[in-house]
Every structure is written in C-alpha cells, then in structure tokens.
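Undergrad: Structural data only, the sequence is not supplied:
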C-alpha cells in the first residue's frame with residue numbers, strides 16, 4: 001500500500017501514483033499485516 005505521510009491518505013498499489021494528488025508529497029510504501037489478511 002502507498003501511504004502519504006503528510007495527509008495520511010492511502011493509495012492502492014495498482015494505480016501508478018508516486019506523489020499524493022492532494023498535498024503533492026512523495027508516497028511511502030508501507031505494508032500492513034491487516035491489509036494482507038483482508039486480501
């Protein structure tokens with residue numbers, strides 16, 4: 001999952017988004033155990 005450190009918005013990895021559309025900060029890759037369990 002792509003995570004924005006500034007506004008806390010989460011983007012799905014399928015969409016190729018390197019920068020947050022809202023605040024324009026570079027996204028950080030974070031993997032949550034909860035997210036994997038849901039899939």
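TA: Sure, I can see it. Since we're looking at a predicted model, the values are computed, not measured.
Undergrad: list the contacts for residue 22?
TA: Listed by Cβ atoms under 8 Å, 6 or more residues apart in numbering, the contact set of residue 22 reads 4, 7, 9. The way it works is simple: take the backbone N, C-alpha and C, and place the C-beta from them, glycine included.
Undergrad: Flag the helix or strand of this protein with the lowest per-element mean pLDDT.
TA: helix 33-38 (a mean of 57; mean pLDDT, DSSP states H and E).
Undergrad: Could I get the contacting residues of residue 26?
TA: By Cβ under 8 Å, 6+ apart, the residues touching residue 26 are 18-20.
Undergrad: List the beta-bridge partners for it.
TA: Beta bridges link residue 26 to residue 19, judged by DSSP bridges.
Undergrad: got a pLDDT number for it?
TA: Note on residue 26: pLDDT of 81.
Undergrad: Can you pull out the low-pLDDT segments for this protein?
TA: Scanning the chain for pLDDT under 70 picks out 30-39.
Undergrad: Count the residues that sit near residue 14.
TA: Number of residues near residue 14 (other Cβ atoms under 10 Å) recorded here: 6.
Undergrad: brain fart, residue 17
TA: For residue 17, using other Cβ under 10 Å, the count is 13.
Undergrad: Report the contact partners of it.
TA: Counted by Cβ under 8 Å, 6+ apart, residue 17 has contacts 2, 11, 27.
Undergrad: next one: residue 14
TA: With Cβ under 8 Å, 6+ apart, residue 14 has no contacts at all.
Undergrad: And it, which helix or strand is it part of?
TA: Residue 14 belongs to no helix or strand when assigned by DSSP states H and E.
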